[in-house]
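Peer 1: predicted structure and sequence below. I'll ask about it afterward.
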Amino acid sequence: MSTHELESKIRELRQLQALIEEATAEAEAIKDTIKAAMGDAEELRAGEYKITWKAVNASRIDTTALRKALPDVAERFTRITTTRRFCVA
């Protein structure tokens, strides 16, 4: 792929990313409007649609506290992974 073609693809990528960000922001604004209409209700029906907004509990390990309290255990269960980060600047 030539430099010109690559620049064109990068420009197209940036335009699409801007559209995605704009659409995501608009979708979040619509979600916030629906949530405001729901108030404290966990479920709402609107015609054919059923909307739920429920609390979800999750348990996570506090790795910082684990490393302080039991560093040897934390070390044994620490796994290093490698990924490649794609960035266009």
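Peer 2: Structure received. Values in this document were obtained by computation on a predicted structure and should not be read as measured data.
Peer 1: immediately after the host helix or strand of residue 31, which helix or strand?
Peer 2: According to DSSP states H and E, residue 31 maps onto helix 3-38. Scanning forward in sequence from helix 3-38 by DSSP H and E, the next helix or strand is strand 43-46.
Peer 1: remind me what the helix or strand that comes right after that next one packs against, helices and strands.
Peer 2: Going down the chain from strand 43-46, the next helix or strand is strand 49-52, by DSSP H and E. When contacts are defined as 3 or more C-beta pairs under 8 Å, 6 or more residues apart in numbering; DSSP states H and E, strand 49-52 sits against strand 43-46. Heads up, the C-betas are built off the backbone N, CA and C, glycines and all.
Peer 1: run the chain-centre distance for the strand it packs on.
Peer 2: Centre-to-centre, strand 43-46 and its host chain are 25 Å apart (C-alpha atoms, centre = their mean, to the nearest Å).
Peer 1: pull the CA atoms of it into PDB?
Peer 2: The C-alpha atoms that make up strand 43-46 are tabulated as PDB, following Å, rounded to 0.1, in the frame of the first residue of the first chain:
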ATOM      1  CA  GLU A  43     -38.800  -1.900  34.700                       C
ATOM      2  CA  LEU A  44     -40.700   0.100  32.200                       C
ATOM      3  CA  ARG A  45     -42.900  -0.900  29.300                       C
ATOM      4  CA  ALA A  46     -43.400   1.300  26.200                       C
END
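Peer 1: describe which strands it pairs with in its sheet and in which direction.
Peer 2: strand 49-52 (antiparallel) (DSSP bridges).
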